[in-house]
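Asker: Make a model of this:
(chains A and B)
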Amino acid sequence: MRSNNSPKGPLLKVSIKFCGQCNPQIRSADIARLIQKQFVGNDSIHFCDNKDEASMLLVISGCPHDCAKRVDRNFLEVAVAGESVNQNYCHQKKIPSEVVKLILQVINGKNI
Amino acid sequence: MKTGAEYIESLRKLDTIIYAFGEKLDNYVDHPLIWPHISAAALTYDMAHDPLYEDLVTVESHFSGEKINRFTHIHQSSDDLVRKVKMLRAIAQKTGSCFQRCVGFDGINSLYTTTYEIDKKYGTEYHQRLKKFVQYLQETDHMVAGSMTDPKGDRSLGPSKQEDPDMYLNVVAENDLGIIIRGAKAHQTGIVNSHEMLVMPTIALNEEEKKYAVACALPVDAPGVFHVFGRQTNDQRKFNQIDQGNACYGVVGGEALTVLEDVFVPWERVFMFGEYEFAATLVERFASYHRQNYGGCKGGVSDVIVGAAAALADMNGVIKASHIKDKIVEMVHLTETIYCCSIACSSQGSPTASGAYFVDPLLANVTKLNVTRNIYEICRLSHDIAGGVLATLPSEQDFQHPHIGKYLDKYFKGKPSSSVEERCRIIRLLENMTGGTALVESMHGAGSPQAQRVMILRQGNLPYKVSLAQELAGNEK
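Answerer: Numbering: from 1, shown residues only, chains lettered A, B, ... in the order given. Next up is the predicted model:
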């Protein structure tokens, strides 16, 4: 996704956190890949491995139990838990686009 | 934390003595009999470095605050207990087999809680020694085998009454530096590809049996120690590929008889010696922690069996048949039942005096007793779905034969969407996962069904239940 129409603002650093995938109902790794692919070339966002650097946490839990362990810090969070995004039902195929929509809202300065 | 490759290389540095089929194995790490078990254990290391799984397979050490492999952790909460079960299921879904590390994991936790109580009563320093050993395991990420089961000889007699006193491992001498132990430990899962072994008594003991009340840690290649690898159903197939079924990870953990012939253990590695009245506590704690696991690990293995049965039904063109769907439903139901049990005993865990968390023992024993039944039924249903080909499929060499191979390719076709080789691979996977040694392990691992029944009766709180009934019946007693 190109950044041509995105407002210039501070870089959004996103860290992806998985639950331990003990019995996943969704393909978490594929979903993460599809989401990151949507932001290739977008210089408003950076996916970082180091959670200490991140200002947003994208949690991908394989089922509604959403047991991925969060660290004790105030993160802006988007949570995928089975077929749901931020506790709203979302079919697995639509999860990447729904998450991308939410991340773009943050980049554009809107609340999620 | 080690990676899988580092773990495998670390085994090459050991001088572990292993016998199999009448021969001492020169290079056991690469031997086809042992390799699948090493591969399964290696996955417990690699998954700790995978972002997909690290949330379960790693945890913060309560000693150092560092990230460690969960298999070296002392449970600090009921959440830790739940995560242990989830971790086991996640790994088992990848291996389709036992990955061996849980026995030592349960050993260190049961000793952690018990040594604390021994020290409190006797002013000994076992708990400090055990903590140092656990910290060593966390720093080195070494694999430790849990060595509890003695050969037992005549089961109608206790250790001190046996004709041969070594039927139960015992201390034959002690000095300023340590103890000398003699005996054997049976059914040693993963010991041939471990770094350390954690010896524990296997039975409640009395005052006459003090020399049997010993718990200690020693390297698996310590002088005087050797291992005799157990046979497994179809183990000669480990020299094939497809016919083996699960060529990467085997179908069981890989068990051995470990003989300890006058082996020296320094005091700093001794965690119990003579405190016989704590043997029962240690055994029950270990048994409960270990029985907790089975809904996780066998849940994950059963997930693979369900998947294999469904895949085969699809290849055979019968996946839509209502009786097939019903059998698959039943297999899922039985799998989730045992998983429910493991989660329940974990979520109802509580702290011990040591601070470490312990499972609900009644529910842990219920877990394992359900596993001893459900696995057999899950396997039976998979056989029902798979059909007779499970028992009659020709060898992979026949499929590769220049003359007859084409006939086998012709007559073993299922639906065109899958190749004959794919069908054969799934058949072999199912055949090997659901018969023989794998089934027996589910029956007797962590203790035989009667052992669970004894614990359930003991924990069943019958007098209270009688009073409930009496009250509702209007009886005054």
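Asker: who touches the residue nearest to the spatial centre of chain A in this structure?
Answerer: With distances taken as C-alpha atoms, centre = their mean, A:Leu58 lies nearest the centre of chain A, 3.3 Å away. By C-beta atoms under 8 Å, 6 or more residues apart in numbering or on different chains, the contact list for A:Leu58 reads A:Val14, A:Ser15, A:Ile16, A:Lys17, A:Ala32, A:Ile35, A:Glu77, A:Val78, A:Val80, A:Val99, A:Ile103. C-beta: built from backbone N, CA, C; applies to glycine.
Asker: ok, then the element right after whichever helix or strand it is part of?
Answerer: According to DSSP states H and E, A:Leu58 maps onto strand A:56-61. Per DSSP H and E, the first helix or strand lying C-terminal to strand A:56-61 is strand A:76-81.
Asker: related to what we said a few turns ago, tell me the strands beside the strand holding A:Leu58, with direction?
Answerer: When pairing is defined by DSSP bridges, strand A:56-61 lines up against strand A:12-18 (parallel), strand A:76-81 (parallel).
Asker: Please produce CSV containing the ones you listed, extended by mean pLDDT and mean neighbour count.
Answerer: Compiled in CSV, the strands paired with strand A:56-61 are given as follows (pLDDT from 0 to 100; neighbours: other C-beta atoms under 10 Å in any protein chain shown):
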stretch, mean pLDDT, mean neighbour count
strand A:12-18, 95, 21
strand A:76-81, 95, 20
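Asker: Check the offset of whichever strand or helix holds B:Val329 from the chain's centre.
Answerer: Using DSSP H and E, B:Val329 falls within helix B:322-347. Here the centre of mass of C-alpha atoms in helix B:322-347, compared against the chain's by C-alpha atoms, centre = their mean, to the nearest Å, lies 20 Å away.
Asker: now swap in stretch B:88-105 and tell me
Answerer: The chain centroid and the centroid of stretch B:88-105 are separated by 7 Å, computed with C-alpha atoms, centre = their mean.
Asker: again with stretch B:66-76
Answerer: The answer for stretch B:66-76 is 18 Å, by C-alpha atoms, centre = their mean.
Asker: Can you tell me what sits against that stretch?
Answerer: With C-beta under 8 Å, 6+ apart, stretch B:66-76 has contacts from B:1-2, B:44-45, B:48, B:56-62, B:80-81, B:83-84, B:87, B:101-102, B:104-105, B:108-109, B:112, B:134, B:137-138, B:141, B:143, B:349, B:355-358.
Asker: Filtering those residues by proximity to chain A, which remain?
Answerer: B:Leu56, B:Val57, B:Arg83, B:Met87 (C-beta under 8 Å from any C-beta of the partner chain).
Asker: biggest separation within the residues you listed, which pair?
Answerer: Put simply, by C-beta to C-beta the two of those set farthest apart are B:Val57 and B:Arg83, 9.3 Å from each other.
Asker: Quick check: what element follows the helix holding B:Val329 along the chain?
Answerer: Heading C-terminal from helix B:322-347 (DSSP H and E), you reach strand B:350-351.
Asker: in stretch B:203-223, what's buried?
Answerer: B:203-205, B:209-221 (16 or more other C-beta atoms under 10 Å in any protein chain shown).
Asker: What helices and strands are in contact with the longest helix seen in chain A?
Answerer: Scanning chain A for the helix with the most residues, using DSSP state H, yields helix A:95-107. Judged by 3 or more C-beta pairs under 8 Å, 6 or more residues apart in numbering or on different chains; DSSP states H and E, helix A:95-107 is in contact with strand A:12-18, helix A:28-38, strand A:56-61, strand A:76-81, strand A:84-85.
Asker: and the residue of chain A found nearest chain B, how many neighbours?
Answerer: Among the residues of chain A, A:Gly20 lies nearest to chain B; the distance is 2.5 Å by C-beta to the nearest C-beta. For A:Gly20, the neighbour count with other C-beta atoms under 10 Å in any protein chain shown is 27.
Asker: Check B:Trp267 too.
Answerer: That count, for B:Trp267 with other C-beta under 10 Å as the rule, works out to 15.
Asker: what's near enough to touch it?
Answerer: B:Arg129, B:Leu177, B:Gly178, B:Ile179.
Asker: which of those count as buried?
Answerer: B:Arg129, B:Gly178, B:Ile179.
Asker: For the residue in the stretch 251-400 of chain B positioned nearest to chain A, which non-adjacent residue is spatially closest?
Answerer: Residue nearest to chain A within the stretch 251-400 of chain B (C-beta to the nearest C-beta): B:Asp303, separated by 7.0 Å. With sequence-adjacent residues excluded and distances taken as C-beta to C-beta, 6 or more residues apart in numbering or on different chains, B:Asp303 is closest to B:Gln93, at 5.3 Å.
Asker: ok now do that neighbour, which residues does it touch?
Answerer: A:Cys22, A:Asn23, B:Gly300, B:Asp303, B:Val304.
Asker: which SSE is it in?
Answerer: Using DSSP H and E, B:Gln93 falls within helix B:78-95.
Asker: Report the angle between that helix and helix B:322-347.
Answerer: Taking axes from the mean of the first three to the mean of the last three C-alpha atoms, to 10 degrees, one finds that helix B:78-95 is oriented at 140 degrees with respect to helix B:322-347.
Asker: For whichever helix or strand comes after helix B:78-95, buried residues please.
Answerer: On the C-terminal side of helix B:78-95, the nearest following helix or strand under DSSP H and E is helix B:102-122. Buried residues in helix B:102-122, counted by 16+ other C-beta under 10 Å: B:102-119.
Asker: try stretch B:222-229
Answerer: Neighbour-count burial for stretch B:222-229 [16+ other C-beta under 10 Å]: B:Val225, B:Phe226, B:His227, B:Val228, B:Phe229.
Asker: Understood, closing this out.
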